[in-house]
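Participant: predicted coordinates and the sequence they were generated for:
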Number of protein chains: 2
Amino acid sequence: MKSISDYRSDIESAVKNLQFPEGNLSTLYDPIKYALSAGGKRLRPVLTLMGADAFGGDTEKAMFPAIGIETFHNFTLLHDDVMDKSEMRRGRLTVHKKYDDNSAILSGDTMLTLATEYVCKVEDSILRAVLDSFNQMAIKVYEGQRLDMDFEKMPNVSVEDYVKMIEYKTGALLGTSVMIGALIGGASTKDAELMYQFGLNTGVAFQIQDDYLDTFGDPATFGKKIGGDINNGKKTYLYVAALSEGSQTAQALKAAYEIPAGEMRVKTVTRLYEKLNMAEKSKKEVNKYLSKSLKALNETALSANAKERFREFAEKLIGRKK
Amino acid sequence: MKSISDYRSDIESAVKNLQFPEGNLSTLYDPIKYALSAGGKRLRPVLTLMGADAFGGDTEKAMFPAIGIETFHNFTLLHDDVMDKSEMRRGRLTVHKKYDDNSAILSGDTMLTLATEYVCKVEDSILRAVLDSFNQMAIKVYEGQRLDMDFEKMPNVSVEDYVKMIEYKTGALLGTSVMIGALIGGASTKDAELMYQFGLNTGVAFQIQDDYLDTFGDPATFGKKIGGDINNGKKTYLYVAALSEGSQTAQALKAAYEIPAGEMRVKTVTRLYEKLNMAEKSKKEVNKYLSKSLKALNETALSANAKERFREFAEKLIGRKK
């Protein structure tokens, strides 16, 4: 198996080589090229290539499906950024800011169909399995995004519902990325399903860790400004888990979230989280999902070496290793 | 073969029986139910059922793909209405007006994936052919919508480009609707392709006829207000064909389109079209595409009776028969 950075550079080359119609349709395809050229960690297509490789498949045959997964991910970003009115992503203007809302909507639609085309460039023998898992994942992602939008307007969200939301919005895509790779590599249905569980739970652990870091992370390494979620009034794992600690705590937390955005709000909320040991509790939760993830991985028929590579991937993702 | 109205009522029942998740995801699925329950002529899924039936297939087996085609069509309407800021459709509020833009975007995305799922409920032996034709059609529809949006801002659009746009935006979906039905019915690749040509050219004839009727139609039967396209400054077949008549005509027409929207603009533009014999010219063009359509139909191995049924469908669609 190659190193993660080698898979990544293979993906970058493949993305650069994608061909789109020229001429008077540049208004449709330029936003797509712009979105796909933004780089990023390419985590999802790396998982697809790793999945194919680990089960003894040809990673060349997994490249189009991997690019399809990445195209799908970027389609969701285009539409999410329109819905959230986000202006920046990966240090550049979002597509709807650089072009306009209509371009982001229509080029996003095009990306979803292109993603389906790319993902389905597999042998006929696995087409049905790959297509079904891709479509089921896509539905979960929309449902997760809808729940996320709805939760922002709801006074109370249970930890259970929150975890379901991040399973759908983040976990399902990571699970499907590696599962489709595994299917291309020739994995059994059982192993493909186990790899889905590996990806799904790694995704959940990652999202809870990300919520934790947004409040308790090291400003030097986190990359974003600490306290952003608190200032944006976001319902994070920390928030919903703290809410579940009883009505008095819930009241105090809601009051703190009403403080005008700024240092005072961040400080007040953080102190409340500290009083409730939320840092330890969320770390425990991250470990719970990471354990689930590694348990599924261990149950596969993969070699010890391949398992080690996926374990490294998961631990690196949640910031255990740099 | 059943009558068109029988196919239609079968489709209405199937749409009513579609199951969606209940509970806290109603914010995602209610806009979909609302959109699909709007009725309309269900032309596209009728074509799918007719295609399956005509080639000796089981129309039951074509029902999910037919509903998939209709779901795809409605997905494009949801997003088009957001992009065009349209407030009414089929006598009701559009989805983004009844709910909001974000709901129309996200529920529209969900409909595209559901459409793909439904369309792919076919035998494994034809899955690849059905999926590929569906995806290729979808890309054409986005390209057609993009061209349509771009043409509105361009001073000159050639007749050739305009016809390409309506082939993509309207024709491709009609072609694919009947082609997928034909494949389900067991048509040969050649016959499936001929049926695509039948649908494609019928769609182009229909769109040109629709442009003609918007100016020259009978107010009693047209359904919309005569002159709407002129008042909206739309580039129709009449407009682009008139533009191609020479620079003096083009100048006069552009000037007429600058008159404030209202009766005076409609009258001035209509008189110009009359002077140029645009009514006759567009009727000739409709006939040209209808002939192409019927030529392809006649080349298939279908029975004389089945051919007659499709001919009736096409002629009814462009308003020759009521």
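Facilitator: The structure has been received and is ready for your questions.
Participant: centre-most residue in chain A?
Facilitator: Nearest to the geometric centre of chain A sits A:Thr170, at 4.0 Å (C-alpha atoms, centre = their mean).
Participant: give the contact list for it.
Facilitator: A:Gly144, A:Gly203, A:Val204, A:Phe206, A:Gln207 (C-beta atoms under 8 Å, 6 or more residues apart in numbering or on different chains). In this view, the C-beta of every residue, glycine as well, is placed from N, C-alpha and C.
Participant: need the max-distance pair from those residues.
Facilitator: A:Gly144 and A:Phe206 (14.1 Å; C-beta to C-beta).
Participant: mind listing the helices in the stretch 101-250 of chain A by residue range?
Facilitator: A:101-119, A:124-151, A:159-166, A:172-185, A:189-216, A:219-222, A:228-231, A:237-243, A:247-258 (DSSP state H, counting those that start in this stretch).
Participant: hey, C-alpha coordinates of the first one in CSV?
Facilitator: What that stands for is helix A:101-119. What follows is helix A:101-119, C-alpha atoms only, in CSV (Å, rounded to 0.1, in the frame of the first residue of the first chain):
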residue,chain,number,x,y,z
ASP,A,101,-26.1,31.6,-6.4
ASN,A,102,-27.6,30.2,-9.7
SER,A,103,-24.2,29.0,-10.9
ALA,A,104,-23.6,27.3,-7.5
ILE,A,105,-27.0,25.6,-7.7
LEU,A,106,-26.8,24.5,-11.4
SER,A,107,-23.1,23.5,-11.4
GLY,A,108,-23.7,21.7,-8.1
ASP,A,109,-26.5,19.7,-9.7
THR,A,110,-24.2,18.9,-12.6
MET,A,111,-21.5,17.7,-10.1
LEU,A,112,-24.0,15.3,-8.5
THR,A,113,-24.7,13.6,-11.8
LEU,A,114,-21.0,13.6,-12.8
ALA,A,115,-20.3,12.1,-9.4
THR,A,116,-22.8,9.3,-10.1
GLU,A,117,-21.2,8.7,-13.5
TYR,A,118,-17.7,8.6,-12.1
VAL,A,119,-18.6,6.3,-9.1
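Participant: next one: it, is it in contact with chain B?
Facilitator: Yes. Against chain B, helix A:101-119 shows contacts by C-beta under 8 Å from any C-beta of the partner chain at A:Asp101, A:Asn102, A:Ile105, A:Leu106, A:Gly108, A:Asp109, A:Thr110, A:Leu112, A:Thr113, A:Leu114, A:Thr116, A:Glu117.
Participant: one step back: redo the helices of the stretch 101-250 of chain A as a markdown table? Include mean neighbour count, mean pLDDT and distance to B:Asn24.
Facilitator: Listed next are the helices of the stretch 101-250 of chain A as a markdown table, based on neighbours: other C-beta atoms under 10 Å in any protein chain shown; pLDDT from 0 to 100; distance: least, C-beta to C-beta, whole Å:
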| stretch | mean neighbour count | mean pLDDT | distance to B:Asn24 |
| --- | --- | --- | --- |
| helix A:101-119 | 24 | 98 | 24 |
| helix A:124-151 | 19 | 98 | 7 |
| helix A:159-166 | 19 | 98 | 8 |
| helix A:172-185 | 29 | 98 | 17 |
| helix A:189-216 | 24 | 97 | 19 |
| helix A:219-222 | 10 | 83 | 32 |
| helix A:228-231 | 20 | 94 | 22 |
| helix A:237-243 | 23 | 96 | 15 |
| helix A:247-258 | 14 | 93 | 20 |
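Participant: so which of these comes closest to A:Leu302?
Facilitator: Across these, A:Leu302 has its closest neighbour in helix A:189-216 (7.5 Å, C-beta to C-beta).
Participant: counting by contacts, list what the closest one packs against.
Facilitator: helix A:124-151, helix A:159-166, helix A:172-185, helix A:228-231, helix A:237-243, helix A:263-275, helix A:278-299, helix A:304-317 (3 or more C-beta pairs under 8 Å, 6 or more residues apart in numbering or on different chains; DSSP states H and E).
Participant: A:Val157 against A:Tyr237, yeah?
Facilitator: No. The pair A:Val157 and A:Tyr237 does not pass the contact test of C-beta atoms under 8 Å, sitting 10.4 Å apart.
Participant: distance check, A:Gly199 against B:Thr59.
Facilitator: Distance check for A:Gly199 against B:Thr59: by C-beta to C-beta, to the nearest Å, it reads 40 Å.
Participant: same question for A:Ala66.
Facilitator: For A:Ala66 relative to B:Thr59 (C-beta to C-beta), the value is 39 Å.
Participant: among the two, which residue is more densely surrounded?
Facilitator: A:Ala66 (31 against 20; other C-beta atoms under 10 Å in any protein chain shown).
Participant: tell me the spatial nearest neighbour of A:Thr249, not counting adjacent residues.
Facilitator: Once flanking residues are discounted, A:Thr249 sits nearest to A:Ala242: 6.2 Å by C-beta to C-beta, 6 or more residues apart in numbering or on different chains.
Participant: and the helices of the stretch 101-250 of chain A as CSV, adding distance to A:Asn74?
Facilitator: Converted to CSV, these look like this (distance: least, C-beta to C-beta, whole Å):
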stretch, distance to A:Asn74
helix A:101-119, 6
helix A:124-151, 12
helix A:159-166, 20
helix A:172-185, 12
helix A:189-216, 17
helix A:219-222, 23
helix A:228-231, 22
helix A:237-243, 25
helix A:247-258, 32
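Participant: which of those helices sits closest to A:Ser293?
Facilitator: Closest of those to A:Ser293 is helix A:189-216, at 3.7 Å (criterion: C-beta to C-beta).
Participant: angle of that closest one against helix A:172-185?
Facilitator: Calculated by axes from the mean of the first three to the mean of the last three C-alpha atoms, to 10 degrees, helix A:189-216 forms an angle of 150 degrees with helix A:172-185.
Participant: now the angle between helix A:124-151 and helix A:189-216, please.
Facilitator: Using the same axes, to 10 degrees: helix A:189-216 against helix A:124-151 is 30 degrees.
Participant: and the angle from helix A:189-216 to helix A:278-299?
Facilitator: Going by the same axes, to 10 degrees, helix A:189-216 is angled at 160 degrees with respect to helix A:278-299.
Participant: return the residues of the stretch 1-150 of chain A in contact with chain B.
Facilitator: A:21, A:24-25, A:27-28, A:79, A:82-83, A:101-102, A:105-106, A:108-110, A:112-114, A:116-117, A:120, A:124, A:127-128, A:131, A:135, A:138-139, A:142-143, A:145-147, A:149-150.
Participant: of the helices of the stretch 101-250 of chain A, which is nearest B:Val95?
Facilitator: Short answer: helix A:101-119, nearest of the helices of the stretch 101-250 of chain A by C-beta to C-beta, at 13.3 Å.
Participant: and the closest one, what does it pack onto?
Facilitator: If you count contacts as 3+ C-beta pairs under 8 Å, 6+ apart, helix A:101-119 packs onto helix A:26-36, helix A:59-84, helix A:95-98, helix A:124-151, helix B:59-84, helix B:101-119, helix B:124-151.
Participant: identify the contacts common to A:Val157 and A:Tyr237.
Facilitator: Joint contacts of A:Val157 and A:Tyr237 (C-beta under 8 Å, 6+ apart) do not exist.
Participant: Provide a list of residues in contact with A:Asp109.
Facilitator: Contacts of A:Asp109 by C-beta under 8 Å, 6+ apart are A:Phe75, B:His79, B:Gly108, B:Asp109, B:Leu112, B:Tyr142.
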